[in-house]
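Enquirer: Show me how the following folds:
(2 chains)
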Amino acid sequence: MLIGSRLKKAPLKIYLNNKETTMKFTNIAVLTMISFLIVACGGGGSSASSPPATTVIEDPVTSDEPTTSEETEVVVSEDDPVIIIDPNIVYDTTAELVVDKPFLLKPEYELVVSYKDSNNRSAYLSVCTEFTEEQDNIKVNYNSCLLRTSVDSNYQASLTVANDKTRLVMAIWYLDDIKKPRYEVWENNSDAQGTKVFEVN
Amino acid sequence: MLNLVKINTVKSILFTIGIGSAGLHAQPFDECPSEAFLIQDKLANLYNVQLATGFYEKSSPADWNQQKMNALAFSVHDRYLYAYNYYYGTIVRIDSALQVTPIPLTNLPNKGFYVGDISVVENTYYLYRPGSDYGLFRVSLDENNDDYLNLIKVVNGTTLNLAIYDLAFHPDNGSAYAVDRWGNLWKINVQDGTSVKLSNVGEAGVFGAVYFDVTGNLYISRNNDGNIFRINTNWDYPVAEFFAHGPSSSNNDGARCALAPIISLEAPTTDFGDAPDSYGSSINNNGARHDVGDGSLYLGETVLSEPNAYADNGSSEDDNDGIEFVTGIEAGKTAIIDLTSSGDGFVNAWLDSDKDGEFDSDEQIIAAEAVTSGSNIIAYDVPTWAETGTTWTRFRLSSEETLSPVGGVADGEVEDYAIDIAEQNVTTLHYPSADTWATLAFEDRWPLMGDYDMNDLVVHYRLSSYDVEGTLMRVKIQGKVVAMGAAYHNGFAFRLPGLLRSEVDTERLSFTINGVEQNTSPLEADKEEAIFIIAGDLWDFVTSGENCRFYRTEAGCGSNIQMTFSLEIPMEANIIKADVADFPYDPFIFASEGHERSYVFGEAPGRRFEIHLKNQAPTEAFQSNFLGRGDDASNINNGEYFINENGMPWAINIPYEWEHPVEYIDVKFAYPDFHGFVTTSGAQNADWFTTEKSTAKNIFKQ
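Expert: Next up, the predicted model:
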């Protein structure tokens, strides 16, 4: 199973009262451990009431190696394996999935909103993801906004936008002419390189 | 006189039955109706009145041709209406087809009665008129009674001398009640003709129609303005509260079945608001309510009827759809709404600016604003003294020009919104947006690898930050625990990296779970950093279903969301927003105290154990030598945390209301594009997480 296959790769460590001990397993011990872990498949849930750890703890194996202070010790993988990131590899399970270490798996992008107003009109600005366009009329769902702010001059902000939101609208309501709001629509060109900017002049 | 503008689109029980059986045998009404009956005018017209809203419609046909009637009464004994008819000079019985049959009485005085009702506890019609020639009379409508149809004087009209215009029988105590022209509430013992003044209800005038409901509320309708007041006769000193705008008339008499509630549970015609009841929302608190009436005047696209505030209206449709808050609501500034109306009417609105849970008179933001069909842009001023944070606002649309924040009205709609009042010139940022959810999904076997069903803990959440020109004012965190596919006991917390504990204004900090303000501070004690503990053990708040091992992860193990939370975190002065981390801050889980973890920990690790998002450093509470144990391959020198040897984390964040995989199903099989997204470092399958990209059978459905 998933966990069992992981056991082959690294020396097993057992932690007793938070002190690290290395132990050598006989084949039987390894098999026992694997079978426990198979039972434990399916998240912590399956095993919390009777964790396999219990068995191990009840039969502690001590080591001759001195232990260092637990509060200061930091275990760092010293022999970092070379990870190959290949988009063409198909992994059967997520347990095998290899991820570029700096890649944070964030399905979102940064968007710089830039509003320029040389007339210094007092206005209220909203950037939102849900809106409908009918003829020349845009109707914005203001509950879908990512940014809402009063402005009376140039304004710039950086937003975090979900990847599935590819079109955004900026609604600008001028306080000196409340019946004439202005709408600008921005579309994400996912192929574009560099910083994405929603610029309204 | 009545100025009826309503069209009879909602046919009353009375009217439909009347049409259906017209000309056939006289039939009683087939149930105890919730609406009231009102008879008016010299050439009589009969109306149905919804007391809750004042909505009324004419039920008598145009060719009814009945002369003036009064002392209208509904008999709960035979379910006919009775009245004194001036044309026949005696009482009449009115059946469900509205056929009028005179009933000759013996010993009848030669002048008519305009006050009367039929007792609930005995089948006897009581008629009253003050003056020495009259008084209180009783006539038995019981064929088996010796005095059947024989009028008997109970007391002389000089002894019982009340300036009253209608009376109504209490649903169970046998007494009649009436309010005189000075507002005195009288309880009349009809057996001996004595009366006792219970109170002055605080409203004077000619109350030509009075009614009881089954709980002992007396409703009195004033002729000159049609206002309906409610008086709870169960109180020690009953007073009138304004209840609804009803029909006005110079000549008026009402009756209803005193055994019915005033709003039909089966076929309600009333729209209520949904703000907390301190604002006046439910019928018991005289909540704001509108009769849907002929259905022509409403906010937004639709209005729905419900029997009471918060009650299920049998629809998943949201009829709170008439107001767009196109600007923010900032203290001391002008705010703008875009209000959609179905037709001409007037709008009145309130904003609970001092956040005291009530709409006070100085909190009206829009007064009698005329609106027309379609979009109406309306500006209003937010008080300078408005307090920042979450509060409620109420919008009422009606053909009635002036409304209060409570009470009933015969048309239109009420819509209540929970909104945020912000500081002046505040910039609000939302993640993922103001009303959508992001998702945190944890595998909790760390540092051992799990099965990647990514449902050991699933939290939906959203974040908002409020800053004024770069100074962070507040942060808001809202969320709900949507799944727990693990039996490990986990706590859940947010750290705001870059923010110190001492920089939080703990006095104004607000923390609710399931809408209930918590007494304990979420701000973790004895820490330098600002860490907010949502729960020390989430299993304290949710339970797995019957025959289910976990919470909302197994097929057939759906349940309602059992835990929601909300945090409003105000800052001390001069906190630079740029010094605090961006969204999503640092959400993490930790081990609940006293609960064992896996074998890699020799004892229950408690708060020293944490699982964070990928490459997010743990908090100061974390025991650093836990890193590297089991399958964890953190490398602090490279800033790599909570990843395995393959670079996979134990927690992922998705800016979407993500539907998690069912128990034991690898996320790959629930979201086939996930691996492609990961192996291309996000270059492809950017929207792998959407419902459209899921494999339906492998994601959890309620």
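Enquirer: wait, doesn't B:Ser305 sit right on B:His290?
Expert: No: taking contacts as Cβ atoms under 8 Å, B:Ser305 lies outside contact range of B:His290: 9.5 Å. Glycine gets a C-beta too; all of them are placed from N, C-alpha and C.
Enquirer: so what sits against both of these two?
Expert: B:270-271 (Cβ atoms under 8 Å, 6 or more residues apart in numbering or on different chains).
Enquirer: Show me which of these two is the more surrounded one.
Expert: B:His290 (32 against 23; other Cβ atoms under 10 Å in any protein chain shown).
Enquirer: Spell out the secondary structure type for that one.
Expert: Under DSSP: H, G, I helix; E, B strand; the rest coil, B:His290 falls in the strand class.
Enquirer: And it, how far from chain A?
Expert: Separation of B:His290 from chain A (Cβ to the nearest Cβ, to the nearest Å) stands at 24 Å.
Enquirer: what ranges of the stretch 101-250 of chain B fall below the confidence cut-off?
Expert: B:250 (pLDDT under 70).
Enquirer: just the strands in it please.
Expert: For the stretch 101-250 of chain B, applying DSSP state E, counting those that start in this stretch gives strands covering B:115-118, B:124-129, B:131-140, B:151-157, B:168-169, B:176-179, B:184-189, B:194-200, B:207-212, B:217-222, B:227-232, B:240-245.
Enquirer: Please name whichever of the ones you listed is nearest to chain A.
Expert: For chain A, the closest of the strands of the stretch 101-250 of chain B is strand B:240-245, at 31.2 Å, according to Cβ to the nearest Cβ.
Enquirer: who does that closest one touch, helix- and strand-wise?
Expert: Judged by 3 or more Cβ pairs under 8 Å, 6 or more residues apart in numbering or on different chains; DSSP states H and E, strand B:240-245 is in contact with strand B:227-232, strand B:408-409.
Enquirer: can you list the ones you listed in a markdown table and add distance to chain A and mean neighbour count?
Expert: A markdown table is the format used below for those (distance: least, Cβ to the nearest Cβ, whole Å; neighbours: other Cβ atoms under 10 Å in any protein chain shown):
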| stretch | distance to chain A | mean neighbour count |
| --- | --- | --- |
| strand B:227-232 | 36 | 23 |
| strand B:408-409 | 28 | 28 |
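Enquirer: can you put those strands in a markdown table and add distance to B:Tyr466?
Expert: What follows is the helices and strands packed on strand B:240-245, written out as a markdown table (distance: least, Cβ to Cβ, whole Å):
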| stretch | distance to B:Tyr466 |
| --- | --- |
| strand B:227-232 | 42 |
| strand B:408-409 | 36 |
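Enquirer: who touches stretch A:148-159?
Expert: Taking Cβ under 8 Å, 6+ apart as the rule, stretch A:148-159 contacts A:110-117, A:120-127, A:142, A:146-147, B:327-328, B:330, B:333, B:424-430, B:434.
Enquirer: where are the low-confidence patches of chain B?
Expert: B:1-25, B:250-251, B:313.
Enquirer: OK, contacts around B:Asn51?
Expert: Heads up, residue B:51 is Leu, not Asn. Residues B:35-36, B:211, B:213, B:219, B:228, B:243-244, B:246, B:256, B:262, B:408 are the ones in contact with B:Leu51 under the rule Cβ under 8 Å, 6+ apart.
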